[in-house]
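S.K.: 3D model of this:
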Amino acid sequence: QLHLVESGGGLVQVGGSLRLSCAASESTLDYYAIGWFRQAPGKKREAISCISSSDSRTVYAESVKGRFTVSRDNAKTMVYLQMNSLKPEDTAVYSCAATTGFDCSNYASTAEYDYWGQGTQVTVSS
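M.R.: The predicted model follows:
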């Protein structure tokens, strides 16, 4: 059973930056593709990014493209979501999710993922 823990959320002003981390209970995330999702109050969960397990291919939702960057660390025990130029509409609970053998081709489908973290709150104030 893989356990995921997100961290790095908080309160930031418009235009600011945050880096979210997704840490895993196993020693490596090499075999896992990681998706990032967010959910704002009263809204549906939105898939915003994915990094594949094999070649670290990355994909982004249009709403965050050019502002957010997903990456793995060298030891591949963490996955990061660097968020720049934050907007009030980025306010949400952000969660990471994991699955094996996935190229992120259908990254927006929650059914693709086997493991989920609890989420971390990001609030962007204007």
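S.K.: next up, the contacts around E46.
M.R.: 37-39, 61, 63, 92 (CB atoms under 8 Å, 6 or more residues apart in numbering). (Each C-beta comes from the backbone N, C-alpha and C, glycine too.)
S.K.: and it, what's its pLDDT?
M.R.: We have a pLDDT of 97 for E46.
S.K.: tell me what it is bridged to.
M.R.: Legend: beta-bridge partners of E46 under DSSP bridges are R38.
S.K.: and the strands in this structure?
M.R.: In the chain, the strands defined using DSSP state E lie at 4-7, 10-13, 18-24, 32-39, 46-51, 58-60, 68-72, 78-83, 92-100, 115-116, 120-125.
S.K.: nearest spatial neighbour of S109, chain-adjacent residues omitted?
M.R.: Leaving aside its chain neighbours, S109 sits nearest to A47 (7.8 Å; criterion: CB to CB, 6 or more residues apart in numbering).
S.K.: of the contacts of E46, just the buried ones, ChimeraX syntax please.
M.R.: One line in ChimeraX is enough to select the buried members of those, burial here meaning 16 or more other CB atoms under 10 Å:
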select :37,38,61,92
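S.K.: wait, which of the contacts of E46 is closest to Q121?
M.R.: When the contacts of E46 are ranked by distance to Q121 (CB to CB), A92 comes first, at 8.0 Å.
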